[in-house]
Structure formats: structure tokens, C-alpha cells
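Engineer: Sequence plus predicted model, see below.
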Amino acid sequence: MAAGLGSTAQRPDRSTLAGRLGQGYRVAVTSGRWVVVAVWVAAAVLVNVVVASEDSGGGGFGDLLPPDSQVLTVQERIMEKFRVPVLAGTTMVLHEPGSLSVLTRADSVLWALATTQDALEATEPPVPGQVVAAIPLPTGVPHTTVTYLFMSEGTGLYSTVRTANQYAAHFNNQAEANTYVTGFVPAQVAQGTYLRTRLPLFELASVILIVAVVAFAFRSLLAPAVVVGVAAVGYLVYFPMLSHLAKLLDFEVPNQLEPVLLALLLGLVTDYCVLFFSGYREQLDEGAGAVAGARRALQGSASIIAVAGLTVAGGTIALLAAPFDVFRALGPALALTVLVSLAVCLTLTPALMTILSWRLFTILPVRSSTRAHRKLRSPKRQGPRLIDHLVRRPVAAAAGGAVLVLLTLATLPLAQARLDLSFAAGLPAEHPVARGGQLLDDAGLRGMSAPTELMLEADGLADRRADLLRMQQLLASQPGVAKVLGPADLPQDDGRGAVISSDRDAARYIIIFDTDPLAAQAVEDARGLQDRLSSLTSQAGLGDTRTSMAGQTLIASEVAALTRTSLEITVGVAVLIELVILMLYLRALLAPLVLLACNVLSVGAALGLTTFLFQDLLGQQGLTFYAPFASAILLIALGSDYNVFSVGAIWSEARQRPLADALRIAVPRSSEAITTAGLILAGTFALVALIPLSTFRQIAFAMAVGLLIDTLVIRPVLTPAVLTLLGRPGSWPNRRVGVQPQPAEAPTAAPTPVGVADG
């Protein structure tokens with residue numbers, strides 16, 4: 001007799017250890033249902049009391065590069081050579097339509113010099129939250145000035161922005177002038193602010209979606225209430241545990257990724273609850289009592305859900321292989337999300353099912369309420385189903401080939417995907433941080449918010465002024481370069497410490513690109529300039545000098561390269577982990593390999609469509625570096641999760657009958673639950689787009705499209721087509737699949753009236 005995704009016709013051997021453990025688990029969570037509920041409620045309260053004093057949220061992305069980064073090494077050397085810094089994460093833009101008055105322009109310079117002088121003359125070391133240097137930079141335009149702000153050591157991100165705004169408040173008495181604090185640090189803080197203000201809306205919308213879909217699927221008011229309750233317990237337990245784990249293992253999950261973690265938690269809990277409910281409803285429909293029905297539903301579905309959850313956890317923990325600290329920290333966070341979701345669903349959900357019994361599937365939770373749903377398996381079929389065609393090899397070949405061609409075409413734009421680090425570009429256009437960047441862009445000086453430094457070194461280099469001036473002219477003519485500051489902008493005697501080192505053996509150029517310095521175009525321009533440096537120095541007569549570049553554009557370039565490397569390594573490790581789990585679970589070699597390849601192709605299609613939409617149609621310079629990374633890993637893991645659900649049910653039936661018959665029975669039976677679960681998970685991730693930042697809209701689109709492809713195309717079409725084409729060789733060396741004839745139906749006892757407990 002089927003139950004949910006699995007089959008209870010094959011009773012486990014209770015003499016084996018696995019059989020005894022399974023039976024003990026089912027008895028414990030059903031007979032001890034009230035104890036299970038009490039334990040989880042107590043755990044949620046206790047965890048929050050114990051960990052309440054700790055900060056459960058992460059900070060920003062902080063130092064993205066490893067300590068041995070070449071860019072950071074060059075940056076440290078430049079700071080040793082030149083006493084005037086120019087690389088700041090915070091920039092103040094002073095703007096007045098038309099033109100700044102002479103007095104305002106003078107005030108901008110004098111206020112910067114006075115602030116810096118006060119910091120230099122202070123007798124006490126600066127405390128966190130102070131401006132220790134304000135460096136004005138010439139813009140060459142009459143309506144805008146730029147000042148770089150440097151904060152004291154130990155100043156946090158939010159304190160940095162607050163202090164910068166206090167500095168900018170000096171100009172509030174200028175009626176026509178407006179100040180904007182922009183740059184990498186303010187952009188991160190702005191994104192964090194949007195997250196804090198919009199996260200409750202995302203949570204509320206997710207709950208409404210879950211309630212609506214589950215209520216419609218089961219025609220019940222209690223079913224969605226149980227799902228929300230289980231998810232709430234998981235939420236209350238998970239985030240304090242994540243905080244404690246991060247502190248224990250010394251890692252930090254950026255708060256920018258909190259919506260992804262929350263969406264995964266809500267989606268998985270809902271998925272697993274829906275799958276349990278489907279099996280339980282079927283048992284009650286067939287006459288089982290509350291306890292017996294719950295145990296049979298668990299017998300048919302619990303092992304599949306457990307393996308599916310461990311498969312997702314295994315895929316996400318592959319992030320530990322990434323050579324990038326930001327992504328390595330995400331691995332334990334995602335794995336913990338899955339494990340908490342799995343634990344609460346495997347215990348609390350069946351306990352609540354047993355307690356509520358038939359009430360879980362009525363319109364109103366009263367005995368007089370009607371059962372407003374149909375049985376999962378109708379005794380009469382009306383017309384042919386898609387699966388009846390897909391078990392025929394010619395049709396399977398045509399359908400599978402068509403799907404593979406479409407997925408391949410959708411993947412093609414991924415080859416042109418560009419990665420960037422521009423948090424400012426992801427902000428709404430009306431935000432002050434984005435507005436400050438746009439003003440620089442209008443002036444053709446967008447890169448001034450984060451310039452690039454080029455240092456040349458050679459003995460007695462300062463004496464070769466003509467060569468240095470020629471080099472500055474060559475740099476200014478390079479693609480993407482808007483302005484270059486260097487020896488030509490300062491008299492020779494006054495350039496020491498700014499563009500000429502005190503030992504006269506080094507010269508520095510400040511290169512300002514004409515696009516967002518952390519976006520993909522500037523990264524490409526910087527890489528191109530690096531490639532041409534040897535030729536440029538030779539043309540300038542400086543071929544004997546040593547060259548090195550630093551700056552946030554170079555950091556963005558290295559982050560993009562690290563992301564690509566991390567993605568390649570992590571995807572490889574994740575696929576290997578998922579392949580091993582699927583092979584062990586299905587006891588087959590070829591079918592898991594082919595199914596996982598189809599899963600990877602569907603992930604590529606989702607990312608390709610994301611690239612096409614945001615980069616090609618919407619004109620964004622690139623994808624935020626962590627958006628495709630997080631989406632790819634999650635989609636691979638969740639795709640394997642659905643592989644376990646769908647193929648596990650097929651394999652269970654194929655132990656009793658030929659594979660074609662198993663497909664005809666298992667695919668329709670499991671399709672309702674899997675489709676409902678997949679749509680809820682896709683919808684939950686789609687709601688991440690409520691956060692008005694382009695990064696989260698990229699993640700929302702990639703995840704929603706990827707899950708919809710998996711739910712509506714891979715599972716009902718490609719999976720049965722592939723299994724049909726593989727036939728029995730696909731299950732090798734599992735000799736129990738697809739070879740046994742269907743056993744005769746054994747006499748069954750009279751059904752137990754629905755709602756009568758048998759515990």
C-alpha cells in the first residue's frame with residue numbers, strides 16, 4: 001500500500017538494526033507525541049534565552065581578500081612609500097547645480113585640511129568613530145568636489161557612515177549645496193538598512209504564501225497553521241544556534257545573506273511538511289487510525305525525506321572546499337539550516353499530525369466539518385497521461401532531446417556572465433549613496449569614489465620627470481580612463497609624499513575610471529591596463545621600472561576571479577557528494593550520474609536566463625559576485641533533493657514490477673506532493689525580490705526559475721524520459737529494480753474508521 005512518496009508494501013525487516021531503529025523512531029514520535037511537542041517548545045525558549053545576548057546577525061562583507069592577496073601586498077607597499085592615502089571606502093561628494101560658489105569650494109578644502117590637522121595634532125590617540133584624515137581631490141568640474149574620508153582604527157561600518165554624515169553636516173549651512181556620502185562602505189551599510197527594514201515584509205509575505213498554497217492544496221485551515229508553527233519553531237532554534245556556531249568556529253555570515261537562509265528554512269520546512277501530509281492523508285483516506293496512519297506515512301516517507309535532507313546538507317557543506325572565506329562561512333550556515341529543518345520536520349511534524357489526526361484535513365477543525373479533498377489516487381483514470389507516453393522509448397527520446405536542447409540554449413548566455421562587487425549599483429536610484437555615485441557618473445568621474453593606484457619604482461625615478469609626464473599622458477588615453485592624477489598635477493618640489501616618494505625612488509599615479517569602479521566594466525578596463533603596462537612603460541621610456549597596481553577595482557577583479565575559482569571547485573565537490581549519496585541510496589551507478597548531469601544543466605539554464613535578463617535586457621554591468629554562486633550551490637543541492645523524492649518513489653515501485661509500470665504508478669502518485677512543494681519553495685525564493693536591491697532580485701529570479709524548471713520540466717518530463725531510455729542498465733548493479741513481477745494482492749483487513757486512534 002502506498003504512502004506518500006514511498007511504498008509500504010515492502011515491510012522492513014525488523015530483525016535488522018535499521019529496521020529496529022526505524023520502528024523505534026516511528027513509535028517514539030507518535031506515542032510520545034506530546035513529549036516531542038513539549039521538548040521542541042522548551043528547546044526554542046531555552047536556546048533563545050541562552051543565546052539571546054549574542055548578536056545573531058552577521059556584519060558586512062568586511063575584508064574580502066585573504067591576507068596573502070597580491071593586491072593587499074601592493075597596497076601595503078604603496079602606503080609605506082607615500083604618506084598621503086587615497087584609497088578610502090568612504091567618499092563625500094559636495095554638489096551644487098550649475099556651479100559651486102568660490103566660498104563653498106574653498107570651505108570644502110579648508111574643512112578637510114582643518115579636520116586632518118586636528119587629528120595630527122591631537123595629543124591622545126584617536127578613538128573609534130573619528131575622522132583621522134580628509135583628503136580633497138581635484139575634480140576639474142565646477143559643480144562637484146570630492147573628499148576622501150579615513151576613519152580611526154576600530155571604527156565599524158555603521159559608525160563609519162554615521163561619522164561621515166557628521167562630517168558632511170558641516171555644509172548644511174550652504175543653502176544650494178548638497179552632500180552625499182558614497183563609496184563601498186556606505187553602500188554596504190545602505191544594503192544592510194534595506195535588509196532590516198524589508199526583512200519583516202519578506203517574512204510576512206512568505207507566511208501568507210505558505211498559508212495560501214497549503215490551505216488550497218489540502219483544503220484545510222489547520223494544515224497551513226501546522227506548517228507555520230513548525231517553521232516558527234525551526235526559526236527560533238536556528239538563528240541563535242547559527243550565532244553560537246559562528247562564534248564557536250570563528251566565522252561570520254554576512255547579513256546580506258540572511259534572506260537566503262530564511263527562504264531556505266521556510267521552503268524546506270514547508271516541503272517536508274507537505275510530503276508528510278500527503279502520505280498521512282492517503283492513509284487516513286484508506287481507513288487507518290491516527291497513530292497507525294502516521295506510522296505508515298512515516299514508514300513510506302521519513303527515510304526518503306531524511307536522505308533528501310542529508311543530500312541538501314551534503315551539497316551545501318561542499319562550500320567548505322571554496323578557497324574564499326566568505327563562501328566557506330556560508331557552508332556551515334546553509335548546512336545548519338537544512339539540518340534544523342530536517343530535525344524539526346522528522347519529529348515535530350509527525351507528532352502534530354498524530355495529535356490532530358483527521359482534523360488536519362478538514363475545512364474547519366471540528367468533527368462536523370467535511371473532508372474537502374479528493375483521494376490522491378482516483379480509482380478511474382480519465383484519458384491518457386503524459387507518463388503513459390514517456391514510458392515509450394521513441395517518445396521519451398523526442399521529449400528528452402527537446403528538453404535538453406532548450407536547457408542548453410538557455411545556458412548559453414552564462415558564457416558571457418560578468419561578476420562585479422558594486423553594492424552601490426544594486427541600490428535604488430533615489431538612495432543618497434546611489435545619488436552620489438550618479439553625480440560623479442554625470443561628471444564623467446564615476447571612478448573617483450574608488451580610484452586605482454599605479455606605482456612605478458626605480459632608482460632615482462623622481463629625476464626622470466619628462467618620462468613620468470609622458471607616462472601620465474599615455475595612461476590618460478587608455479580605454480575607460482577618465483582622469484589621471486600624478487606628477488604633472490603637482491610641482492616637482494611639492495609632490496613628495498603624494499605622487500613622489502620621499503626617497504625619490506617611486507612615483508604614483510591616481511587613475512580614475514569613467515564607470516563604477518567596482519562594476520564589471522571597470523574591472524575589465526583595469527585588467528586591460530595591467531596587460532598593457534609593459535608596453536606603456538616602454539613607450540614612456542620607463543621600461544626599466546617595476547610596476548604594481550592597487551585599489552578597490554583590483555580588489556573587485558581578484559574577488560571575481562576567486563569567485564569563479566570557488567564556484568568551479570565547489571560545484572565539482574558538491575556534484576561529487578551528491579553523486580555518492582544518490583549512488584548509495586539508489587544502489588545504482590548510471591542513473592544517478594545521468595540524472596545529476598541533467599540537474600547541473602538545469603542549474604546552468606537558470607543562471608543563463610538570469611544573465612540574459614539582468615545583464616543583456618536590463619543593462620546591468622554584471623551579476624553581484626555572490627548571487628550566482630549561492631544560487632548555483634543551492635539549486636544543485638535542491639535538485640538532488642528532488643531526485644531523491646521522485647526517483648526514490650520510482651525505485652520503490654520498481655522493486656515489485658517492471659520499470660515502465662513503476663513509472664506509471666509512482667510518477668502520478670508523487671507528482672502532486674512534489675509539485676506543491678516545489679512551487680512553494682520557488683515562491684518563497686521569488687519573494688526575496690521584495691527587498692529592493694538588484695542583488696536579491698538576481699538571486700530571487702535565479703532560484704525561482706531554477707526550481708520551476710526542476711519542478712515543472714525535470715521531474716515530470718526529463719526524469720521519466722531518461723529512466724525509460726536507460727532501462728534496466730540504468731539501475732545496475734541493483735538487481736531488484738524492474739525485474740520482479742507485480743505480486744498478487746493479499747487479503748486486507750477491514751479498514752479502521754478514520755479518526756479512531758489505534759495507538
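Structural biologist: Nice, I can see it.
Engineer: Would you check that Y158 makes contact with Q188?
Structural biologist: No: using Cβ atoms under 8 Å as the test, Y158 is too far from Q188 to be in contact (9.6 Å). C-beta: built from backbone N, CA, C; applies to glycine.
Engineer: Which one of the two is surrounded by more residues?
Structural biologist: Neighbour totals were compared for Y158 and Q188, and Q188 leads with 25 against 15 (other Cβ atoms under 10 Å).
Engineer: quick one: the strands in this protein?
Structural biologist: 2-3, 6-7, 90-95, 131-137, 144-151, 178-182, 419-420, 452-457, 481-485, 506-513, 546-551, 623-624 (DSSP state E).
Engineer: So which other helices or strands are in contact with the fourth one?
Structural biologist: Put plainly, it is strand 131-137. Here strand 131-137 touches helix 102-121, strand 144-151, helix 157-168, going by 3 or more Cβ pairs under 8 Å, 6 or more residues apart in numbering; DSSP states H and E.
Engineer: List the buried residues for the last one?
Structural biologist: If I follow you right, that is helix 157-168. By 16 or more other Cβ atoms under 10 Å, the buried positions in helix 157-168 come out as L157, S159, T160, V161, T163, A164, N165, Y167, A168.
Engineer: Stretch 475-491 too?
Structural biologist: For stretch 475-491, the neighbour count (16+ other Cβ under 10 Å) marks L475, A476, Q478, G480, V481, A482, K483, V484, L485, G486, P487, A488 as buried.
Engineer: One more: stretch 218-237?
Structural biologist: Going by neighbour count (16+ other Cβ under 10 Å), the buried part of stretch 218-237 is 218, 220-231, 233-237.
Engineer: Let me see the residues that make contact with it.
Structural biologist: 40-41, 43-44, 47-48, 207, 210-212, 214-215, 217, 262, 265-266, 269-270, 273-274, 277, 281, 340-341, 344-345, 348-349, 352-353, 356, 359-365, 372-373 (Cβ atoms under 8 Å, 6 or more residues apart in numbering).
Engineer: Return the distance of it from the chain's centre.
Structural biologist: 24 Å (Cα atoms, centre = their mean, to the nearest Å).
Engineer: again with stretch 623-640
Structural biologist: The mean C-alpha position of stretch 623-640 is separated from the chain mean by 6 Å, Cα atoms, centre = their mean.
Engineer: Using CSV, write out every CA atom in it.
Structural biologist: C-alpha atoms of stretch 623-640 as CSV (Å, rounded to 0.1, in the frame of the first residue of the first chain):
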residue,chain,number,x,y,z
LEU,A,623,25.9,40.0,-11.6
THR,A,624,26.9,40.7,-8.0
PHE,A,625,29.6,38.2,-7.2
TYR,A,626,27.8,36.1,-4.6
ALA,A,627,24.4,35.9,-6.4
PRO,A,628,25.2,33.3,-9.0
PHE,A,629,27.5,31.4,-6.5
ALA,A,630,24.8,31.0,-3.8
SER,A,631,22.1,30.2,-6.4
ALA,A,632,24.2,27.5,-8.2
ILE,A,633,25.1,25.7,-5.0
LEU,A,634,21.5,25.8,-3.6
LEU,A,635,20.0,24.7,-6.9
ILE,A,636,22.3,21.7,-7.3
ALA,A,637,21.6,20.7,-3.7
LEU,A,638,17.8,21.1,-4.0
GLY,A,639,17.8,19.4,-7.4
SER,A,640,19.4,16.4,-5.8
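Engineer: contacting residues for P126?
Structural biologist: P126 neighbours (Cβ under 8 Å, 6+ apart): A119, V132, S152, E153.
Engineer: If burial is judged by neighbour count, which of these pass?
Structural biologist: Buried, going by 16+ other Cβ under 10 Å: A119, V132, S152, out of the contacts of P126.
Engineer: mind putting the residues you listed in JSON lines, distance to L596 and pLDDT included?
Structural biologist: Listed next are the buried ones among the contacts of P126 as JSON lines, based on distance: Cβ to Cβ, whole Å; pLDDT from 0 to 100:
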{"residue": "A119", "distance to L596": "58", "pLDDT": "87"}
{"residue": "V132", "distance to L596": "54", "pLDDT": "89"}
{"residue": "S152", "distance to L596": "52", "pLDDT": "89"}
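Engineer: Tell me the one of those residues nearest Q539?
Structural biologist: V132 (39.3 Å; Cβ to Cβ).
Engineer: Would you check that that closest one makes contact with Y148?
Structural biologist: No: the pair V132 and Y148 fails to qualify as a contact (Cβ under 8 Å) at a distance of 11.7 Å.
Engineer: Next up, the contacts around L445.
Structural biologist: T139, G140, V141, T144, V146, A482, K483, I512, D514.
Engineer: Type out the PyMOL command that picks the buried ones from those.
Structural biologist: What follows is the PyMOL syntax for the buried subset of the contacts of L445, where burial is set by 16+ other Cβ under 10 Å:
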select buried, resi 139+141+144+146+482+483+512+514
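Engineer: Turn the contacts of L445 into CSV, columns for distance to T123.
Structural biologist: Listed next are these as CSV, based on distance: Cβ to Cβ, whole Å:
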residue, distance to T123
T139, 35
G140, 38
V141, 39
T144, 36
V146, 31
A482, 41
K483, 39
I512, 37
D514, 44
